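Colleague: sharing a model prediction with you, sequence too.
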Amino acid sequence: MISRLRNNAIFPVFILLLTCSGIVPAQVTVGSISGHVYDPAGRVIPEAHVAIVNKQHAAARTVTTDDNGSYSLIGLPPAVYTISVNAQGFAELTRPAV
């Protein structure tokens, strides 16, 4: 009798989960890369150009740092990226395999 009660109690929960499964969003497989650009003295560099390249898919995205030297790129697929930073008056900096 207890077994029957458990089955009867679980059945409505199962039906509820089954009917709600259509409104649950799929798992998202994207990420983001963000950071700050500083000069050797530790001061932020605004308006630096940051390029993030996914060589596997031959895709590149660029962004410019804000007044605080910050940048952020969202919606990136999982991959290994190369990040390059250019700013007027500075040599280019490249970080491979990020």
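Modeller: Nice, thanks for sending it over. Residues are numbered from 1 along each chain as shown.

Colleague: next structured bit after the worst-scoring helix or strand of the chain on mean pLDDT?
Modeller: Least confident helix or strand, the chain: helix 2-20 with a mean of 52, by mean pLDDT, DSSP states H and E. Next along the chain after helix 2-20, taking DSSP states H and E as the criterion, comes strand 31-36.

Colleague: packing partners of that next one?
Modeller: With contacts taken as 3 or more CB pairs under 8 Å, 6 or more residues apart in numbering; DSSP states H and E, strand 31-36 sits against strand 70-76. Where C-beta positions appear, they are placed from N, C-alpha and C, glycine not excepted.

Colleague: what packs against the strand it packs on?
Modeller: strand 31-36, strand 49-54, strand 59-64.

Colleague: quick one, it and strand 49-54 angle?
Modeller: Put simply, strand 70-76 runs at 20 degrees to strand 49-54, going by axes from the mean of the first three to the mean of the last three CA atoms, to 10 degrees.

Colleague: next secondary structure after strand 70-76?
Modeller: Counting by DSSP H and E, the element after strand 70-76 in chain order, helix or strand, is strand 82-86.

Colleague: and that next one, C-alpha only, in PDB?
Modeller: Extracted C-alpha coordinates of strand 82-86, given in PDB (Å, rounded to 0.1, in the frame of the first residue of the first chain):
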ATOM      1  CA  THR A  82      44.500  35.000 -29.000                       C
ATOM      2  CA  ILE A  83      44.200  38.400 -27.500                       C
ATOM      3  CA  SER A  84      46.100  41.400 -29.000                       C
ATOM      4  CA  VAL A  85      46.100  44.900 -27.600                       C
ATOM      5  CA  ASN A  86      47.100  48.100 -29.600                       C
END
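
Colleague: for whichever helix or strand comes after that strand, what is the distance to the chain centroid?
Modeller: Next along the chain after strand 82-86, taking DSSP H and E as the criterion, comes strand 93-95. On the basis of CA atoms, centre = their mean, to the nearest Å, strand 93-95 sits 20 Å off its chain's mean C-alpha point.
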